[in-house]
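Student: Mind looking at a prediction? Sequence and model below.
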Amino acid sequence: MLIKLSGGTIYDPAHGIDGKVKDIFVRDGRIVEQPRDGERIDQEYNLSGKVVMAGAIDMHTHIGGGKVNIARTLLPEDHRHDPVAHSELCRSGCGHAVPSTLTAGYRYAEMGYTAGFEPAVLPMNARQAHLEMGDTPMIDKGGYAMLGSDDLFLRMLAAKQDQNAINDYVAWTIAASQGIGIKVVNAGGISAFKFNQRFLDLDEQNSYYGITPREVLKTLARAVHELGVPHPLHVHGNNLGVPGNVETTLNSMAGVEGYPMHLTHIQFHSYGTEGDRKFSSGAARIAEAINKQKNISADVGQILFGQTVTASGDQMSQFRNAGAGSPHKSVCMDIECDAGCGVVPFKYKDENFVNALQWAIGLEIFLLVDDPWRIFLTTDHPNGAPFTSYPHLIKLLMDKSFRNDVFGRLNLDAQKMSTLASIDREYSLYEIAIMTRAGAAKLVGLHDRGHLGTGAAADITVYTDNADREKMFEKPDYVFKDGQLVVKDGKIVKVVWGATHTVKPEFDRSIEKEIKQYFDKYHTVNMEHMKVSSDEIEGDGRGKVLVQECKGRREKTA
Amino acid sequence: MRLQKRVKIWNERIRMDNFAQAGTIETVTCPFCGLLCDDLTVQRDSAGNLKVMDKGCARSVTFFERPIATPSPRIQGKPVALQEAIAKAAEILGNSRQPLLAGLGTEVFGMRAVMNLAESNRATLDHMNSNGFMRNIHVLQNSGWFTTTLTEVRNRVDLLLVIGTDIISLFPRFFEREIWNKETMFEQDTSQREVVYLGGRNIDTSAGVSPDGRQPDVLPCDLDRLPEVVAALRALILGKKLHATEVAGIAVADLEKLSQRLLAAKYSVVTWAAAPLDFPHAELTIQNITELVIALNKTTRSAGLPLGGSDGDISANQVSAWISGYPMRNSYARNYPDYDPYLYSTSRQLESGEADSLFWVSSINPERTPPATNVPTVVFGHASMELAKEPEVFIPVGTPGVDHKGIMFRSDNVVSLPLQQLRSHTLPTLSEVLRAIEQTLQTSVQ
């Protein structure tokens, strides 16, 4: 099957292509240079005047796993506003803040996205995360396994085990959880909360282990790097939401001593304590630090106004913030000597000083970070806003006058505390393509996605250029997934199931002896049963496990 | 490395092929209660009969040691071929205006098939344990809660408060595995753990006796007086003074002492099982339990532990929540998921006459048979199921964790474990049967 996409205007930053008219050929799901001599073109799409990009990739979105399902169960009142009926092609479900799995897949695809990555896969809950992602159609999936507050890791650190043993344990965890990266949430803090500590700053010790978050971050950042995992350590910082946490965030950046680190939903970690209300923007300092430190990347976690729900592994922070929830209810859990979770519904309001300033801080960060390859477009779905608000967010970034109109309607005190109106930058289509495609693929380690070069998987999105960028990005003309036309005029025309991306770094298997001993002694689960097999992901004939390149273990370090 | 892998696959294949022979299987997961113990050793004879050799309990022995049965599918009591039974079930479903798909005693893969069939045929869904389970769901959706999981309990609990249940009649190995375990990660002397039973009469508290013979504290009251007792305890934890000197026969001084112990504990766990709390508006009592846990967390650490998970109830609710957005009781009658804990209960659907057919799933426990009804009934049942009234169609299906693989969620709603196949079998899985019915009706979408 050979498809020709003719005459579209291509934005392919991985190859430095910024709006060039060019044909694309797709054979059997892959992009090819050109047809073979005499090869028949089975299907041609005239894309003259259309904008063509690779399929978009959401590198941080809570789409599957225990806390997401708790959030669903918690909010029937939210689902009721957005029922999704059974159609000729699609199964029913519900949408808005925390959609059912099927609806999430359909809506991502209808927005031109072809992949999404669940950032908080608790190893003890990895099976559930993959089951839910397995029921999420249309897009490719993957997950970052959570470490850093699990007792085995903290015990290893407290026992001063060497970096090689840690690396083996990290690689084992990625394999057991079928992950593509490692995430740390409130490093050591979820554990500290179980010992009744309520805050844990970067150099504060966990009261039982005597370990500091700085040690956790450095050890894990180094492990991920030494294992050759392409995605840098994915970090949800300490002190989320606390005024003054900008210092913690800046210190964390310095604390990894040059190892690659990705700071997620950094907006929630960029708060100062200036002004009458002791709450101010730390965006300028954060952006300056990111601009300087090339080992650091971040996604924003933009908040947008309206009802949503926050679902996080950071139970210490979520318990602290539960009082501010709306509707007023919350779920917190201690989980399996592995991690925790906290789910708190939130309604962000533009008349509220704190919420309005949070909105402005997120946009300031977007606009003040120079390098679009190191800053990523997220709302930390659903924590800052549902993913369906991405087109609106893109418009805020690309259209200064629109942005300033919205800004002008915010809480006046918040306006006074923000420099947003003085920032002239408008993102270009090329920069949007970097943030949501080429950069995201590079960051996650998807070697054959996020670009339109020869050999790439044909995940392609076609838009009609429109000065109203929200309208443009919410309804693509065509979306191709692995070469198949799956969306036309913003509606599903074919249901596909996508694959699960993983990495499989090599490691010394003898580490399993120690892990098994730990499980046998302390756990309620047999170690073998905690591992997620590919069988379970591929069961029911829908999924497929793909292994992305991982450069492999480096030489043992002394 | 590559050779090793090949040998591993080869070994696995041999193991699979040997289902027909006698053998011993280790690290077996038992799906018969929500603890999902996965350390059992089970022996199989050449006929496929199973015997629990190690780490058994009354419930796992009942589950695994049922004599092997391979009944034929039946229509109106007459043995028929599977295809015929499937065609008849499809016909009943196709002719039904408001089918009820209930029982739902299955695991994750079975539940996925249930959701698909319900979605394609505008059916209503309810689980056989919903009467108890919904009490917890009401609390969760109204105020939320703060809970923990079994491995945390095993390693951290210093004071266990058990409300309205003996635990062990539902979860026989709870104390052995989570309370009187010898070692913990944090050098705790587990024999010093404190156990308090609150509520219920003549409760079997023997499992709460510590290994060195220390008796648990017991504060008995009639179960239907628990609302007052728990409300009083919550008030005391919040620092309120009570004028009464006793509540439901329990001295307020004793409740005061209990509240002080909870406030002094480093990691107390407050546990209940929703099913036995069978009195009107028990959800309000559960809410007082969960809110007192949240109150304790203002100064110290505490967590709730709702116990459930039998007959796949947690699995059914989990799968339903991710596929439809809602836990049990929901309905696809409107062509999209609609949630109503009152309207869509099995008993109401049948008694009101709204449901005009019943599809009953019970593949784990043969004793959980369908409720009495006059509407056409199709049963997807455990092979050993004996029915008081012969349904229109009976289709025996394999037992997950015995006849075929599966995945099941544990009581704590977090851990899900693989269920193994332990013997060769001739019965179809629930998913296979439901998929065949859906295909027969050809309303299937992906």
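Tutor: That came in fine, so what should we check first? Numbers count the residues shown, from 1 in each chain, chains lettered A, B, ... in the order given.
Student: touching chain B at all, the least confident helix or strand in chain A by mean pLDDT?
Tutor: Lowest by mean pLDDT, DSSP states H and E among the helices and strands of chain A is helix A:534-538, with a mean of 93. Yes: shown here: helix A:534-538 in contact with chain B (CB under 8 Å from any CB of the partner chain) through A:E536. To be clear about C-beta, it is placed using only N, CA and C from the backbone, and glycine gets the same treatment.
Student: Need the contact partners of the helix or strand just after that helix.
Tutor: Going down the chain from helix A:534-538, the next helix or strand is strand A:545-548, by DSSP states H and E. Contacts to strand A:545-548, defined as CB atoms under 8 Å, 6 or more residues apart in numbering or on different chains, come from residues A:140, A:178, A:180, A:230, A:445-447, A:499-504, A:534, A:537-538.
Student: what do you get if the cut-off is 6 Å, keeping everything else the same?
Tutor: A:445, A:499-504, A:534, A:537 (CB atoms under 6 Å, 6 or more residues apart in numbering or on different chains).
Student: cool, stretch B:378-388 as well?
Tutor: B:66, B:69, B:71, B:89, B:92, B:359-363, B:366, B:369-370, B:391, B:393-397, B:399, B:430.
Student: from the residues you listed, which ones fall inside strands?
Tutor: Within these, residues falling in strands by DSSP state E are B:359-362, B:393-397.
Student: check contacts around residue 43.
Tutor: No chain specified, so I'll use chain A. A:I3.
Student: should've been chain B
Tutor: Contacts of B:Q43 by CB under 6 Å, 6+ apart are B:24, B:51, B:53.
Student: Filter the residues you listed down to the ones in strands?
Tutor: B:24, B:51, B:53.
Student: thinking again about what came up before, buried ones among the contacts of strand A:545-548?
Tutor: For the contacts of strand A:545-548, a burial check counting by 16 or more other CB atoms under 10 Å in any protein chain shown picks out A:445, A:499-504, A:537.
Student: can you redo those as CSV with secondary structure and distance to A:V256?
Tutor: CSV is the format used below for these (DSSP: H, G, I helix; E, B strand; the rest coil; distance: CB to CB, whole Å):
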residue, secondary structure, distance to A:V256
A:G445, coil, 18
A:A499, coil, 31
A:T500, strand, 28
A:H501, strand, 25
A:T502, strand, 24
A:V503, strand, 20
A:K504, coil, 24
A:I537, helix, 32
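Student: And the furthest pair within these?
Tutor: Taking CB to CB as the measure, those span a maximum distance of 18.4 Å, between A:G445 and A:I537.
Student: Which positions in chain A make contact with chain B?
Tutor: A:66, A:69, A:72-73, A:76, A:79, A:83-86, A:89, A:91-92, A:94, A:100-101, A:124-125, A:127-128, A:132, A:151, A:196, A:329-337, A:495, A:521-524, A:526, A:529 (CB under 6 Å from any CB of the partner chain).
Student: out of those, which are buried?
Tutor: For those, buried by 16+ other CB under 10 Å: A:66, A:69, A:72-73, A:76, A:79, A:83-84, A:86, A:91-92, A:94, A:100-101, A:124-125, A:127-128, A:132, A:151, A:329-337, A:495, A:522-524, A:526, A:529.
Student: Next step: those residues restricted to strands.
Tutor: Using DSSP E, these in strands are A:83-84, A:94, A:330-335.
Student: So which of those residues is the closest to B:N374?
Tutor: Using CB to CB, these come closest to B:N374 at A:P83, 32.3 Å.
Student: Hmm, that closest one is touching B:Y336, no?
Tutor: Yes: at 4.1 Å, A:P83 counts as touching B:Y336 under the criterion of CB atoms under 6 Å.
Student: just so I have it, where are all the helices in chain B?
Tutor: With DSSP state H as the criterion, chain B has helices at B:2-17, B:58-64, B:82-95, B:108-120, B:130-142, B:150-156, B:174, B:226-237, B:252-264, B:282-296, B:313-324, B:346-351, B:430-441.
Student: Make a markdown table out of those and add mean neighbour count and mean pLDDT.
Tutor: Below are the helices of chain B laid out as a markdown table (neighbours: other CB atoms under 10 Å in any protein chain shown; pLDDT from 0 to 100):
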| stretch | mean neighbour count | mean pLDDT |
| --- | --- | --- |
| helix B:2-17 | 10 | 48 |
| helix B:58-64 | 18 | 97 |
| helix B:82-95 | 19 | 98 |
| helix B:108-120 | 25 | 97 |
| helix B:130-142 | 22 | 97 |
| helix B:150-156 | 24 | 98 |
| helix B:174 | 27 | 98 |
| helix B:226-237 | 21 | 98 |
| helix B:252-264 | 17 | 98 |
| helix B:282-296 | 23 | 98 |
| helix B:313-324 | 28 | 98 |
| helix B:346-351 | 19 | 98 |
| helix B:430-441 | 22 | 96 |
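Student: Distance to chain A added to these, as CSV?
Tutor: Shown next, in CSV, are the helices of chain B (distance: least, CB to the nearest CB, whole Å):
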stretch, distance to chain A
helix B:2-17, 10
helix B:58-64, 15
helix B:82-95, 16
helix B:108-120, 5
helix B:130-142, 6
helix B:150-156, 4
helix B:174, 11
helix B:226-237, 16
helix B:252-264, 12
helix B:282-296, 8
helix B:313-324, 5
helix B:346-351, 18
helix B:430-441, 8
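Student: Could you say which one of those helices comes nearest to B:A273?
Tutor: helix B:130-142 (7.5 Å).
Student: Could you check the angle the closest one makes with helix B:282-296?
Tutor: 40 degrees (axes from the mean of the first three to the mean of the last three CA atoms, to 10 degrees).
Student: neighbouring contacts of helix B:130-142?
Tutor: In contact with helix B:130-142 (CB under 6 Å, 6+ apart) are residues B:274-275, B:282-283, B:286-287, B:290, B:306, B:313, B:327-329, B:341.
Student: For those, work out which two are farthest apart.
Tutor: B:T290 and B:R329 (21.2 Å).
Student: Which element, helix or strand, includes A:H451?
Tutor: Using DSSP H and E, A:H451 is not contained in any helix or strand.
Student: That one: neighbouring residues, count only.
Tutor: 25 (other CB atoms under 10 Å in any protein chain shown).
Student: Can I get stretch A:520-530 in PDB, CA atoms only?
Tutor: The C-alpha coordinates for stretch A:520-530 follow below in PDB (Å, rounded to 0.1, in the frame of the first residue of the first chain):
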ATOM      1  CA  ASP A 520       9.800 -12.700  50.400                       C
ATOM      2  CA  LYS A 521      10.500 -11.100  53.700                       C
ATOM      3  CA  TYR A 522       8.400  -8.000  53.700                       C
ATOM      4  CA  HIS A 523       5.900  -8.000  50.900                       C
ATOM      5  CA  THR A 524       2.500  -9.500  50.400                       C
ATOM      6  CA  VAL A 525       3.100 -10.200  46.700                       C
ATOM      7  CA  ASN A 526       5.500 -12.700  45.100                       C
ATOM      8  CA  MET A 527       8.100 -10.800  43.100                       C
ATOM      9  CA  GLU A 528       7.400 -12.800  39.900                       C
ATOM     10  CA  HIS A 529       3.700 -11.700  40.100                       C
ATOM     11  CA  MET A 530       4.600  -8.100  40.300                       C
END
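Student: For B:K298, grab phi and psi.
Tutor: The phi and psi values for B:K298, taken as degrees, to the nearest 10, are phi -70, psi -30.
Student: Including distance to A:P119, could the contacts of helix B:130-142 go into JSON lines?
Tutor: Formatted as JSON lines, the contacts of helix B:130-142 follow (distance: CB to CB, whole Å):
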{"residue": "B:A274", "distance to A:P119": "33"}
{"residue": "B:A275", "distance to A:P119": "36"}
{"residue": "B:A282", "distance to A:P119": "38"}
{"residue": "B:E283", "distance to A:P119": "34"}
{"residue": "B:I286", "distance to A:P119": "33"}
{"residue": "B:Q287", "distance to A:P119": "32"}
{"residue": "B:T290", "distance to A:P119": "28"}
{"residue": "B:P306", "distance to A:P119": "28"}
{"residue": "B:D313", "distance to A:P119": "30"}
{"residue": "B:P327", "distance to A:P119": "25"}
{"residue": "B:M328", "distance to A:P119": "29"}
{"residue": "B:R329", "distance to A:P119": "32"}
{"residue": "B:P341", "distance to A:P119": "33"}
